[in-house]
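*Asks:* Next one to model:
(chains A, B, C and D)
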There are 2 protein chains.
Amino acid sequence: MAKYSSDLDGAFAALADPTRRAIVSRLCEGPKSVSELSEPFDMALPSLLKHVRVLERSGLVSSEKTGRVRTCRIEPHALQAAESWINRHVAAWEKRLDRLEAHIHRMKMKRN
Amino acid sequence: MAKYSSDLDGAFAALADPTRRAIVSRLCEGPKSVSELSEPFDMALPSLLKHVRVLERSGLVSSEKTGRVRTCRIEPHALQAAESWINRHVAAWEKRLDRLEAHIHRMKMKRN
DNA sequence: TTAATACTTTCCGCAATGGCTAAGTATTCA
DNA sequence: TGAATACTTAGCCATTGCGGAAAGTATTAA
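*Replies:* Just a heads-up that it's a prediction; the model follows:
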């Protein structure tokens, strides 16, 4: 299962930070400028910008500069890739549990 | 959306490494000893063990030692928590797109 | 009781991360 | 034109992460 797909490295690493997850959450509501994004955080702007860059590198977010304002928006592909990886594994796990249960059931039948 | 829930920090950070994702994949097939896990990797045992420890700290994996063998198994809760966070956000994103589409549709209606 | 197995601990080195401040650039407002 | 705004770059620092080698401990096999 699961080839080494290093896109996931970046996506999961990006999501490992609470500040970045909060940024992703806010961008799910709609595009925002860097200063709008920084507003709820008690953090210097350059630090926040670094998080935005990490999110961009991971493909979770894209941004575009118009005039002096950089507008950030969410980019769903990377998020969906991460979702898909996890979904597959939870599914695989549950399938295995089902097989195990069926197996135990058969054992019981034999005993009686 | 999404309070700071630092359980996710660990889970996503753990999944950010391809070696650890591969370990999770293999454990989805069933419990394995540390040496069984290490077998496909070109990596010293202590290094691999470190990955297992990271997975344990994140709650994705648990292990138990019997005799001289440590057996590792997958622990689905943390994986489901990560799954749930992503699912919520993909859903939020899609909902927003729907609203946007509906809005654009209304604009068009007005024009005609 | 000796030898092999299966980890486990300790310590090293290097690169990346996450925060900061200070100073710089490019736009826009007055 | 001059000042305010919105980033942006550069550099510093402490911590963490990922790999290794070497040596140690506990179990099991012979």
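*Asks:* What about A:Ala81, how many residues nearby?
*Replies:* 19 (other CB atoms under 10 Å in any protein chain shown). Just so you know, the C-beta spots here come from the backbone N, C-alpha and C atoms, and that holds for glycine as well.
*Asks:* what separates it from A:Ser63, distance-wise?
*Replies:* 20 Å (CB to CB, to the nearest Å).
*Asks:* Tell me the residues of chain A that contact chain B?
*Replies:* A:1-2, A:4, A:6, A:8-10, A:12-13, A:15-18, A:21-22, A:24-25, A:28-30, A:74, A:76, A:79-80, A:82-83, A:85-87, A:89-90, A:92-93, A:96 (CB under 8 Å from any CB of the partner chain).
*Asks:* from those, which ones fall inside strands?
*Replies:* A:Ile74 (DSSP state E).
*Asks:* Mind giving me the ChimeraX command for buried ones among the residues of chain A next to chain B?
*Replies:* In ChimeraX syntax, the buried subset of those is picked out as below (16 or more other CB atoms under 10 Å in any protein chain shown):
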select /A:2,8,9,10,12,13,15,16,17,18,21,22,24,25,28,74,76,79,82,83,85,86,89,90,92,93
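*Asks:* near DNA strand C, which of the residues of chain A next to chain B show up?
*Replies:* A:13, A:16-17 (CB under 7 Å from any atom of the strand).
*Asks:* Let's see which of these end up in helices.
*Replies:* A:Ala13 (DSSP state H).
*Asks:* Let me know the closest of the ones next to DNA strand C among the residues of chain A next to chain B to A:Asp42.
*Replies:* Using CB to CB, A:Asp17 comes nearest to A:Asp42 of those, at 15.1 Å.
*Asks:* Just name the closest of the ones next to DNA strand C among the residues of chain A next to chain B to A:Arg68, please.
*Replies:* Using CB to CB, these come closest to A:Arg68 at A:Asp17, 26.9 Å.
*Asks:* quick one: low-confidence ranges for chain A?
*Replies:* In the predicted model of chain A, residues A:1-6, A:111-112 satisfy pLDDT under 70.
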